[in-house]
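Participant: The following block contains a protein sequence and its predicted model.
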2 protein chains.
Amino acid sequence: MTTARHQPTARQKIVAGAADMISRRGLNATSVRELAKHTRAPLGSTYHYFPDGKAQLATEAVQYAGAKVAEVLRRRIHAGPVAGLRAFLKHWRGVLLESDFRAGCAVLAVAVEEPSGEQNPPPIAAAAAAFEEWQRLLADVLREQGTDPAQAAALSALIVGAVEGAVAMSRASQSIRPFDQVARQLEALITAAVDHPA
Amino acid sequence: MTTARHQPTARQKIVAGAADMISRRGLNATSVRELAKHTRAPLGSTYHYFPDGKAQLATEAVQYAGAKVAEVLRRRIHAGPVAGLRAFLKHWRGVLLESDFRAGCAVLAVAVEEPSGEQNPPPIAAAAAAFEEWQRLLADVLREQGTDPAQAAALSALIVGAVEGAVAMSRASQSIRPFDQVARQLEALITAAVDHPA
């Protein structure tokens, strides 16, 4: 490969564009044609890179969105659970404000739309894996700081669930208020868990 | 009106069916034709009752879903915040288990799908109103029990956000575990808030 490390390939650009589109409009509304248009890729090259069509592209888009947020967490979590939480919150607050509340989470969007027919489709399995990775990163650092393992796992589920729900609430109300309320509650909770491990 | 009080009208049946369909497949994927099919209503009668088409039906479906959950809260919240929270949790746990993780929340589904073009579309405004009503019901009873008003509002946002997010996480993983983890955390939090008002 002669591609420079930070130069996304045409294929990667399509995946990133699809993740953005899904985070705005959801999965079921989005056709491969629209995804190609949104990423400014020729329709032919989209089918070339993703011969299995929409399910394949959607799965990779969810994996991309999941990995991006995991990277946000990994970059700060070595400094402790509160630093990790703050990085997670800052990321989502940025998504909301920079998109004027038009974008949210591609992982959540895919999780709430059942594709017709199929049981356990790959994009939904990718969404489950993304949620689990974020929870695991948060739970690991909570445990390292002395939180009881079951409590660390449950607190991590609460963080991920509350932030995902709050992003949707802020989008609906076109206001950062619900997100900020939830963010402050979570910060207080995690600070307490670290200060007084169970 | 000669309709008995608990006998839903044809129009109400269409609205309830649309709410169910949206809670499974999301809004953008669902056409008026599919909504009519899902509710077993003739397409003509759907257009007769909802002359403005999909946006009108979706708005009423979200209002219906919001009111149904508000009613679940109202029925138990007089017994206090913990009783209200438990009723809210029981409702969502039932939705997940009874649908084998195929249904979730119609209000959330609409909140995470931007319709193309339009700013502040009626279904999304209805979603914001539903989230706000649930929060207000929870915040009111927390305040009555002595929780500081700002804290009561923030805790209510946390409850609604966390439950909505947890429903999506449980759907993605096809497991009640994330939901139950979040539910127990919220119960502990609300119990503590009531026992030790700020």
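Facilitator: Thanks, I have the structure now. Every value quoted in this text rests on a predicted model; they were computed, and no experiment measured them. Numbering: from 1, shown residues only, chains lettered A, B, ... in the order given.
Participant: For the helix or strand of chain A with the lowest mean pLDDT, C-alpha coordinates in PDB please.
Facilitator: Within chain A, judged by mean pLDDT, DSSP states H and E, the helix or strand with the poorest mean is helix A:32-38; its value is a mean of 81. Taking Å, rounded to 0.1, in the frame of the first residue of the first chain, the C-alpha atoms of helix A:32-38 are listed here in PDB:
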ATOM      1  CA  VAL A  32     -26.900   2.700  -1.300                       C
ATOM      2  CA  ARG A  33     -27.600   5.300  -4.000                       C
ATOM      3  CA  GLU A  34     -28.100   8.100  -1.400                       C
ATOM      4  CA  LEU A  35     -25.100   6.900   0.600                       C
ATOM      5  CA  ALA A  36     -23.000   7.100  -2.600                       C
ATOM      6  CA  LYS A  37     -24.300  10.600  -3.300                       C
ATOM      7  CA  HIS A  38     -23.600  11.700   0.300                       C
END
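Participant: hmm, it touching chain B?
Facilitator: No: no part of helix A:32-38 sits close enough to chain B to count as contact by Cβ under 8 Å from any Cβ of the partner chain; the gap is at least 9.0 Å. C-beta coordinates here come from the backbone N, C-alpha and C atoms, glycine included.
Participant: Name the next helix or strand following that helix along the chain.
Facilitator: Toward the C-terminal end, the helix or strand that comes next after helix A:32-38 (DSSP states H and E) is helix A:43-49.
Participant: Give the other helices and strands that that following helix contacts.
Facilitator: Helices and strands touching helix A:43-49, as assessed by 3 or more Cβ pairs under 8 Å, 6 or more residues apart in numbering or on different chains; DSSP states H and E, comprise helix A:10-25, helix A:32-38.
Participant: Residues touching the first one, excluding its own?
Facilitator: I take that to be helix A:10-25. Taking Cβ atoms under 8 Å, 6 or more residues apart in numbering or on different chains as the criterion, the residues outside helix A:10-25 that touch it are A:8, A:30, A:34-36, A:38-41, A:45-46, A:49-50, A:57-58, A:60-62, A:64-65, A:68, A:95, A:99, A:102-106, A:109-110, B:28, B:113-114, B:116.
Participant: Low-confidence stretches in chain A?
Facilitator: When the per-residue scores of chain A are filtered using pLDDT under 70, the ranges that remain are A:1-6, A:116-119, A:197-198.
Participant: For chain A, just list every one of the helices.
Facilitator: In chain order, chain A shows helices spanning A:10-25, A:32-38, A:43-49, A:54-77, A:81-98, A:106-111, A:122-144, A:149-173, A:177-195, with DSSP state H as the criterion.
Participant: picking that back up, among the contacts of helix A:10-25, which ones are buried?
Facilitator: For those, a neighbour count by 16 or more other Cβ atoms under 10 Å in any protein chain shown gives the buried set as A:30, A:35-36, A:38-39, A:41, A:46, A:49-50, A:57-58, A:60-62, A:64-65, A:95, A:103-106, A:109-110, B:28, B:113-114.
Participant: on that earlier part again, and the helices and strands packed on helix A:43-49, which is most packed in?
Facilitator: Counting by mean count of other Cβ atoms under 10 Å in any protein chain shown, helix A:10-25 has the highest mean neighbour count of those, with a mean of 22.
Participant: how far off helix A:81-98 does that one point, in degrees?
Facilitator: The directions of helix A:10-25 and helix A:81-98 differ by 80 degrees, with axes from the mean of the first three to the mean of the last three Cα atoms, to 10 degrees as the criterion.
Participant: okay, helix A:10-25 in PDB with CA atoms only?
Facilitator: Once side chains and other backbone atoms are set aside, the C-alpha atoms of helix A:10-25 remain, and they are given as PDB (Å, rounded to 0.1, in the frame of the first residue of the first chain):
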ATOM      1  CA  ALA A  10     -11.700   5.900  -1.400                       C
ATOM      2  CA  ARG A  11     -13.300   2.900   0.300                       C
ATOM      3  CA  GLN A  12     -12.700   4.400   3.800                       C
ATOM      4  CA  LYS A  13     -14.300   7.700   2.700                       C
ATOM      5  CA  ILE A  14     -17.400   5.800   1.600                       C
ATOM      6  CA  VAL A  15     -17.600   4.100   5.000                       C
ATOM      7  CA  ALA A  16     -17.200   7.300   6.900                       C
ATOM      8  CA  GLY A  17     -19.800   9.100   4.700                       C
ATOM      9  CA  ALA A  18     -22.200   6.300   5.300                       C
ATOM     10  CA  ALA A  19     -21.700   6.500   9.000                       C
ATOM     11  CA  ASP A  20     -22.400  10.200   9.000                       C
ATOM     12  CA  MET A  21     -25.500   9.700   6.800                       C
ATOM     13  CA  ILE A  22     -26.900   7.000   9.100                       C
ATOM     14  CA  SER A  23     -26.200   9.100  12.200                       C
ATOM     15  CA  ARG A  24     -28.500  11.700  10.700                       C
ATOM     16  CA  ARG A  25     -31.300   9.900   8.800                       C
END
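Participant: Distance from the chain centre to it, please.
Facilitator: Its chain's C-alpha centre lies 13 Å from the corresponding centre of helix A:10-25 when counted by Cα atoms, centre = their mean, to the nearest Å.
Participant: cool, and stretch A:69-83?
Facilitator: 14 Å.
Participant: again, but for stretch A:151-168
Facilitator: In terms of Cα atoms, centre = their mean, the gap separating the centre of stretch A:151-168 from the centre of its chain is 12 Å.
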